[in-house]
Structures are given as structure tokens and as C-alpha cells.
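1. sequence and predicted structure are below.
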Amino acid sequence: MQLLWPSASPDADLAGLYRTPQEPWLRLNFVSSLDGAGHVDGKSEPLSGPADKRVFGVLRMLCDALLVGAGTVREENYHALRLDEKRRAWRVEHGMSEYPTLVIVSARCDLDPRHRVFAEAPVRPIVVTRSHASPGPLAEVADIVSAGSDEVDLAAAVAQLRARGLRQILSEGGPRLFGSLTAAGLVDELCLTLSPLLAGPGADRITTGAPLDGPQSLTLRHVLLDEGLLLLRYSR
Ligand SMILES: NC(=O)c1ccc[n+]([C@@H]2O[C@H](COP(=O)([O-])OP(=O)(O)OC[C@H]3O[C@@H](n4cnc5c(N)ncnc54)[C@H](OP(=O)(O)O)[C@@H]3O)[C@@H](O)[C@H]2O)c1
């Protein structure tokens, strides 16, 4: 994978390029078509490529918690959060736990406790919900974090995750969670892969929800290129 900017290098050091600051950090990772689609037929896989998957794995290696919306878990039939041996060894060498913790946001708690994200999880996941929800049997397979009463209060939820030591948070979406995190002013960074595809009209963007009060600006940190995919890192 080639680093194009801020300097040029034919073989980028991904772990170094994507290291986060020491402070608590929340980063989003998304892939989009050139014409702005966040999925093809409900899945993000057709937009991805080997380079995107490599960065995806590196970002998971670097986080304490992987935050994902229940819609993405259901639509994409998410896998349990696993990492290969090399990445687990890297984490342990760098003073981190062997695996990050998967955190699923669900207001309704409409998730099957037998789903593989729970059944095959190497560490007990967390379900973030609101106090008016009834987690029922989910409480047997996950820790339940309640934030907000009628709706999930994401700022309060993130504060609770940080209090548990989960300071470096990676979110893989989906669009509704991204919209809510942006509205709550919680997004420190966006890693965006632009896939060289025209998906055509119809598909949703990578963000959705109520309009913001105003746009939020981010600064470009680096640009990587691999087989026509552009991998962009922007942060506050
Ligand atoms: N291009 C990409 O990189 C990318 C990445 C991820 C996903 N996707 C695509 O996105 C689609 C799924 O989108 P989505 O928007 O339904 O998924 P989502 O953002 O993953 O999940 C939305 C769900 O999150 C829960 N939620 C609870 N409180 C929330 C809050 N305050 N803000 C936001 N969400 C909250 C709700 O779950 P309950 O309904 O259980 O209450 C809500 O239905 C799939 O087609 C997937 O392929 C694309």
C-alpha cells in the first residue's frame, strides 16, 4: 500500500500511521462508493477491497472497544470480534488486552442472544441501551450499559465505556450510529475508504438521522492508495 501524502512511501507502516493520541479517542471507519453509497444491496462488502480490509484489521488491532449499531449487526450478520495471532501478540506487547471488546448499541434490545457475535465472542460483549429497555436474555450473554431513558444517550454511554478503561473507541457504523455520534459531537476521526465504483442512485449515504446544527470540519492527516482505492484519514 502506497502512502501518497503527507510524504510519499511505497510501503506504508499502517500501525504507525493509524496510531491514535494518548487521550480518549473515538474514530469512525467507513467505506463509500465514489458516488456516495454506503452499501450495495444492504452490504458494505462489495465496496471493500484487500487494502480496505488490511486497514480494517489494523484499526481493530489498535482499539480498546469496537462500537457498532444493532442495525449493522443484523444487516451484515456480524461476526464475533476476532483477531489473528499476530495482531493479538502485537496488542499484548503494547500493554493492551488480547482482544478489544465489542460494544453493540441497541435501543430496543432486539438482538438474538444466540447470534454469533455473542456465541463466538472471545470476550464478553457489551450492549449499550436505554434504561426503559428490557435486555431480557441479552443480559446472560453481554454486560448491559444503560444510558438515557427514552433514547440511548451516546455521550453518557461513551463516558461509561471510558470509565471501564475503554478509551480508544473504534466505530464501524452504521450510518444511523454515525449520524447520532456526529450530532452528539463525539467524532474525533473519520477513516474513509473511497472505492472506485459508481453504485448508482438508491443506496443510503454513510450517515443518516436528524440534520446537524451546522457542519463540523476535520483535517486531512494522510492519503493511502492501493489498486484504485483511496484510504483517507481525517481528524479534529
Ligand atoms: N459503508 C460502510 O462502511 C458501512 C458500515 C456499517 C454499516 N453499513 C451499512 O449500513 C446498513 C445498516 O444501517 P443502520 O443505519 O440501520 O445501522 P446502525 O447505525 O448500525 O444501527 C442503527 C441501530 O442502532 C441502534 N441505536 C440505538 N440508539 C441509537 C442512537 N442513539 N443512534 C443511533 N443508533 C442507535 C438502534 O438499534 P435497535 O433498532 O436495536 O434499537 C438502531 O436501529 C447496512 O446496510 C450496512 O451494510 C455500511
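-> Yep, it's here. Residues are numbered from 1 along each chain as shown.
2. which bits of the protein sit near the ligand?
-> Within the chain, the residues that sit near the ligand (C-beta under 6 Å from any ligand atom) are 30-32, 38-39, 42-44, 47, 68-72, 75-76, 105-108, 110, 151-152, 154, 172-177, 180, 206, 208. All C-beta spots, glycine's among them, are computed from the backbone N, C-alpha and C.
3. in strands, which of those residues appear?
-> 30-32, 68-69, 105 (DSSP state E).
4. if you rank those by neighbours, which is first?
-> V31 (28 neighbours; other C-beta atoms under 10 Å).
5. V40 pairs with what?
-> Applying DSSP bridges to V40 yields these beta-bridge partners: K43.
6. what about it, neighbour count?
-> 17.
7. quick one: it and A199 touch, right?
-> Yes. At 5.5 Å, V40 counts as touching A199 under the criterion of C-beta atoms under 8 Å.
8. quick check: neighbours shared by these two?
-> Residues touching both V40 and A199 (C-beta atoms under 8 Å, 6 or more residues apart in numbering) are 33, 47.
9. show me the helices in this structure, by range?
-> 14-17, 50-62, 70-75, 85-93, 116-119, 138-141, 154-163, 175-183 (DSSP state H).
10. which other residues reach the third one?
-> For helix 70-75, the external contacting residues (C-beta under 8 Å, 6+ apart) are 42-43, 78, 104-106, 108, 110-111, 115, 117, 172-174, 176-177.
11. what residues sit buried inside it?
-> For helix 70-75, burial by neighbour count (16 or more other C-beta atoms under 10 Å) applies to 70-73.
12. what does the longest one give?
-> The neighbour-count check on helix 50-62 (16+ other C-beta under 10 Å) flags 51-52, 54-56, 58-62 as buried.
13. identify the farthest-apart pair in the ones in strands among the residues of the chain next to the ligand.
-> Spatial extent of those (C-beta to C-beta) is set by the pair S32 and V105 at 21.1 Å.
14. what's the burial count for C63?
-> The number of residues packed near C63 is 25, by other C-beta under 10 Å.
15. does the nearest residue to it once chain neighbours are set aside have beta-bridge partners, and which?
-> Excluding its sequence neighbours, the residue lying closest to C63 (C-beta to C-beta, 6 or more residues apart in numbering) is L170, at 3.8 Å. Beta-bridge partners recorded for L170 (DSSP bridges): R27, L66.
16. show the contacting residues for L170.
-> L170 touches 27-29, 59-60, 62-63, 65-67, 100, counting by C-beta under 8 Å, 6+ apart.
17. can you tell me the closest non-neighbouring residue to S106?
-> A70 (3.7 Å).
18. next: D84.
-> G57 (7.6 Å).
19. would you confirm that that neighbour contacts R82?
-> No. With contact defined as C-beta under 8 Å, G57 does not count as touching R82 (10.3 Å).
20. which residues of this structure score low on pLDDT?
-> Applying pLDDT under 70 to the chain picks out no residues at all.
21. can you report how many residues lie near P201?
-> By other C-beta under 10 Å, 8 other residues sit near P201.
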